[in-house]
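[1] Predicted model and sequence below, questions to follow.
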Amino acid sequence: MIEIRRIVTMVEDIHHEFGPPPPQPLRRGAIAAVLTNPFAGRYEAHILPMMEALNPVGIDMARRLLVAMAVPADRIEGYGKGAIVGAAGELEHGALWHVPGGYAMRELLGWKGDAKAYAAGKSGDPKPSQPVSSDSRASQPGNALAIVPSTKKVGPPGAALDVPLTHINASYVRSHFDAIEVRVPGAPAADEVVYILTMSTGPRVHERVGGLRAADIAQWNGLR
Amino acid sequence: MPAQIRKLIVTTDETRIEMGRAIDPPAKRAVAVAVIANPYAGRYAEALDELIAIGEELGGLLGRKCVDALGIQPGQAHSYGKAAIVGEAGELEHAAAILHPKLGAPLRAAVEKGAALVPSAKKMGTLGTAIDVPLGHKDAAFVRSHFDAIEARVSDAPRANEIVVAVAVTSSGRPLARVGGLQVSEIKGEDGLR
């Protein structure tokens, strides 16, 4: 069921955007795997076996992306995922990426929850230790607590997808709301799907519009 | 003055299957891109020395980035190419100043040898403009299996006063090369052509 034709990785260092450069540039990365769409050209009611089959693909892609970014897992602060389905497929084929893509990155970045519950669509998230102490870091139950944001579309070869990025532990951290454009020249062909994972090492390079700070995450519920 | 680099982007492209046929080992290409400030934006300058120096700096930097991303030793590189996109407050000659006088020598050092001409492309462009970076074998320009191109594009560059500079390196030819011509095994590598 899994046939990978191409793998494209991209790593970018953003030194500045015409403001004061931070001491360390922001590093963002994306990996895109071009797979044959086994359901191309027809309506197939039962597509869930593909979701299961994508699990090792997601894990391999997450690892490859981290290697390409050349930083330890604890430097990753933002993540996202996406899919571009070729013209002979349907949007729902892109949705197969939700569990395998999200889970693979969260696991790699230190999520300590219940994988089976996660696959079934329940939270499975670990609970913060009680009571939440005044030292909020002490209550942090593992890492990668936030939902992995996503976009998907049906598109032609070379279609660009803006893949969202948000903070890995709290979706409301405003400094980390971002997106990275991902595009594979020549793919997806009509009978292909491009599955994408993205990660970043920090906030937007000159973030300054307030909101929840990463340092102020306290609830450890994936949101705040 | 060294290049004022706003962004550095390194992309690798690995083909494992082409037209249903397994490519083993996979065909691998890398392209490294720098987004730099154009020191001559908005005015005519007769001498373009700063850009010539920037070309020398980027030839080594971007060449090494490609080799690292491919996970190869410098001597294992097969083909190379270079390109530039000048933002609208610059002129096409600015791309020439970066690409032609001095970029080649440090790029050749990054891939070892490099007897052949480094094929190039240049254009004026705007944010998200794509450029097809030509590729040719680094030691013999006539090797037909290695004529190729890889697309480089930065979604937010070049802004008007910027230049996008790309260097591409591969560790293979095209995935299913089969249109004859000079073969890698026949390279003499003396004159850069055959």
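    Yep, that arrived.
[2] Around residue 61, how many other residues sit close by?
    Let's take chain A. 26 (other Cβ atoms under 10 Å in any protein chain shown). Every residue, glycine included, has its C-beta placed from N, CA and C.
[3] try again with chain B
    Number of residues near B:Leu61 (other Cβ under 10 Å) recorded here: 19.
[4] Check which helix or strand it maps to.
    For B:Leu61, the host element (DSSP states H and E) is helix B:49-70.
[5] Counting by contacts, list what that helix packs against.
    Judged by 3 or more Cβ pairs under 8 Å, 6 or more residues apart in numbering or on different chains; DSSP states H and E, the packing partners of helix B:49-70 are strand B:5-18, strand B:21-37, helix B:92-99, helix B:104-111, strand B:162-170.
[6] Next, the contact list for the residue nearest to B:Thr126 when sequence neighbours are not counted, please.
    Leaving out its chain neighbours, the residue that sits closest to B:Thr126 by Cβ to Cβ, 6 or more residues apart in numbering or on different chains is B:Glu88, at 6.3 Å. Counting by Cβ atoms under 8 Å, 6 or more residues apart in numbering or on different chains, B:Glu88 makes contact with B:Met124, B:Gly125, B:Thr126, B:Ala160.
[7] wait, is B:Glu88 part of a helix?
    No. Looking at B:Glu88 with DSSP: H, G, I helix; E, B strand; the rest coil, it is coil, so not inside a helix.
[8] now the angle between strand B:5-18 and the helix holding B:Leu61, please.
    40 degrees (axes from the mean of the first three to the mean of the last three Cα atoms, to 10 degrees).
[9] Now do helix B:49-70, average pLDDT.
    The average pLDDT within helix B:49-70 is 98.
[10] mind exporting that helix as PDB, just the C-alpha atoms?
    C-alpha atoms of helix B:49-70 as PDB (Å, rounded to 0.1, in the frame of the first residue of the first chain):
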ATOM      1  CA  ASP B  49      33.100  44.800  -6.900                       C
ATOM      2  CA  GLU B  50      31.000  44.200  -3.800                       C
ATOM      3  CA  LEU B  51      28.800  41.700  -5.600                       C
ATOM      4  CA  ILE B  52      31.900  40.000  -7.100                       C
ATOM      5  CA  ALA B  53      33.200  39.500  -3.600                       C
ATOM      6  CA  ILE B  54      29.800  38.200  -2.400                       C
ATOM      7  CA  GLY B  55      29.800  35.700  -5.200                       C
ATOM      8  CA  GLU B  56      33.100  34.300  -4.000                       C
ATOM      9  CA  GLU B  57      31.800  34.100  -0.500                       C
ATOM     10  CA  LEU B  58      28.600  32.400  -1.500                       C
ATOM     11  CA  GLY B  59      30.200  29.900  -3.900                       C
ATOM     12  CA  GLY B  60      32.000  28.200  -1.000                       C
ATOM     13  CA  LEU B  61      29.200  28.600   1.500                       C
ATOM     14  CA  LEU B  62      26.300  27.300  -0.700                       C
ATOM     15  CA  GLY B  63      28.500  24.600  -2.300                       C
ATOM     16  CA  ARG B  64      29.400  23.200   1.200                       C
ATOM     17  CA  LYS B  65      25.800  23.400   2.300                       C
ATOM     18  CA  CYS B  66      24.700  21.200  -0.700                       C
ATOM     19  CA  VAL B  67      27.400  18.700  -0.100                       C
ATOM     20  CA  ASP B  68      26.500  18.500   3.600                       C
ATOM     21  CA  ALA B  69      22.800  18.100   2.800                       C
ATOM     22  CA  LEU B  70      23.500  15.300   0.400                       C
END
